[in-house]
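*Asks:* Make a model of this:
(one chain, ligands or ions: 1)
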Amino acid sequence: MKKEQLYSGKAKTIYKTDDPKKLVVEFRDSLTAFDGKKKSEAARKGYYNAQISRKIFEMLEKEGIKTHYIDMVSDTEMLVDAVEIVLIEVIPRNIAAGSITRKYPIKEGTVFKKPVVVLDYKSDEYSDPMLNEDIAVAMGVATYEEIAQIRSMALKINDILVKYLDSKGFLLPDFKLEFGRKDGEIVLADEISCDTCRLWDKSTGQSMDKDIFRFDKGDLSKAYEEVARRIVPEIFK
Ligand code: 5GP
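*Replies:* Next up, the predicted model:
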């Protein structure tokens with residue numbers, strides 16, 4: 001079913017399938033940060049992220065969120081709908097961390113009274129600059145209606161995920177979403193995993209996400225394994 005490679009990104013490779021409306025996404029062990037300037041590999045990272053992402057997509061689907069996820073084709077490969085990716089990185093923020101604390105006078109750890117949704121232009125060439133609606137529409141990356149829908153879906157996903165991850169012992173300071181167009185409809189695409197979320201252990205405050213790699217904070221594979229143990233315990237039986 002899986003055919004030739006369509007595209008290889010920094011952490012995932014996309015393959016065509018027999019069906020032009022479906023693609024296979026392979027989660028790899030490679031890691032990059034800072035627009036690809038820092039690179040490494042982490043054992044079993046692709047496996048843990050694929051399984052965590054699968055579980056979260058399944059959970060969101062049950063909650064009424066449409067996603068590109070169809071099925072797993074192997075431990076590290078996901079069958080998805082072929083969507084047209086909207087070139088906007090949508091970042092719901094609940095607790096200040098990362099770039100927002102560097103760009104604005106907001107202290108790390110500040111709990112936002114309501115989630116802050118940041119839209120960035122998905123472009124390594126321009127280093128993902130922040131967008132507003134007018135710029136996004138002027139560039140032709142989305143319509144006002146699509147942006148309104150994307151914001152509303154992002155807030156709903158954030159609500160669901162904060163509660164879900166709280167029940168697993170995590171805080172969710174922020175995370176990155178990507179959306180796609182499928183038959184004229186906006187659906188959640190890409191992945192939701194330790195690579196795309198900030199996850200802090202609720203009792204220790206420790207990072208259990210890609211910040212471990214970005215800022216050399218310890219053993220990434222071990223932390224991702226612990227996240228997988230809490231979210232997808234069934235894969236350890
Ligand atoms: P920040 O804006 O602080 O760099 O990132 C905010 C959140 O979005 C973090 O959880 C981070 O992991 C995620 N994020 C933002 N941009 C990217 C990106 O290009 N790739 C990945 N994997 N995550 C991103």
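*Asks:* pretty sure Ser221 is touching Gly46, no?
*Replies:* No. Using C-beta atoms under 8 Å, Ser221 makes no contact with Gly46, being 10.8 Å away. Any C-beta I mention is one placed from the backbone N, CA and C, and that applies to glycine too.
*Asks:* Show me which of the two is the more surrounded one.
*Replies:* Set Ser221 next to Gly46 and count neighbours by other C-beta atoms under 10 Å: Gly46 wins out with 25 against 16.
*Asks:* and the residue lying closest to the more buried one once chain neighbours are set aside, how far is that from Val83?
*Replies:* Here the nearest residue to Gly46 in space, its sequence neighbours aside, is Phe27; by C-beta to C-beta, 6 or more residues apart in numbering that works out to 3.9 Å. Relative to Val83, Phe27 is positioned 18 Å away (C-beta to C-beta, to the nearest Å).
*Asks:* Tell me how far the residue in the chain positioned nearest to the ligand lies from Pro173.
*Replies:* Of all residues in the chain, Gly98 sits closest to the ligand, at 2.2 Å by C-beta to the nearest ligand atom. Distance of Gly98 to Pro173, computed by C-beta to C-beta: 8 Å.
*Asks:* Common neighbours of those two, please.
*Replies:* Listed as contacting both Gly98 and Pro173 by C-beta atoms under 8 Å, 6 or more residues apart in numbering are Arg198.
*Asks:* More neighbours: which of the two?
*Replies:* Pro173 (25 against 15).
*Asks:* State the phi and psi torsions of that one.
*Replies:* phi -60, psi -40 (degrees, to the nearest 10).
*Asks:* Please list the residues of the protein that sit near the ligand.
*Replies:* 89, 91, 98-99, 128, 174-176, 195-198, 210 (C-beta under 6 Å from any ligand atom).
*Asks:* Any idea what the residue nearest to Gly46 is bridged to?
*Replies:* Phe27 has these beta-bridge partners by DSSP bridges: Lys12.
*Asks:* hmm, back to that, could you pull up the contacting residues of the residue of the chain closest to the ligand?
*Replies:* Here Gly98 is in contact with 173-174, 198, 211 (C-beta under 8 Å, 6+ apart).
*Asks:* What residues sit buried inside stretch 97-113?
*Replies:* Along stretch 97-113, these residues count as buried under the neighbour rule (16 or more other C-beta atoms under 10 Å): 97, 100.
*Asks:* gap between the two ends of it?
*Replies:* 15 Å (C-alpha to C-alpha, to the nearest Å).
*Asks:* how far is that stretch from where the chain is centred?
*Replies:* Computed by C-alpha atoms, centre = their mean, to the nearest Å, the separation of stretch 97-113 from the middle of its chain amounts to 20 Å.
*Asks:* could you give me the average pLDDT of the top strand by length along the chain?
*Replies:* When the chain is parsed with DSSP state E, its longest strand is strand 111-121. Regarding strand 111-121, the rounded mean pLDDT is 98.
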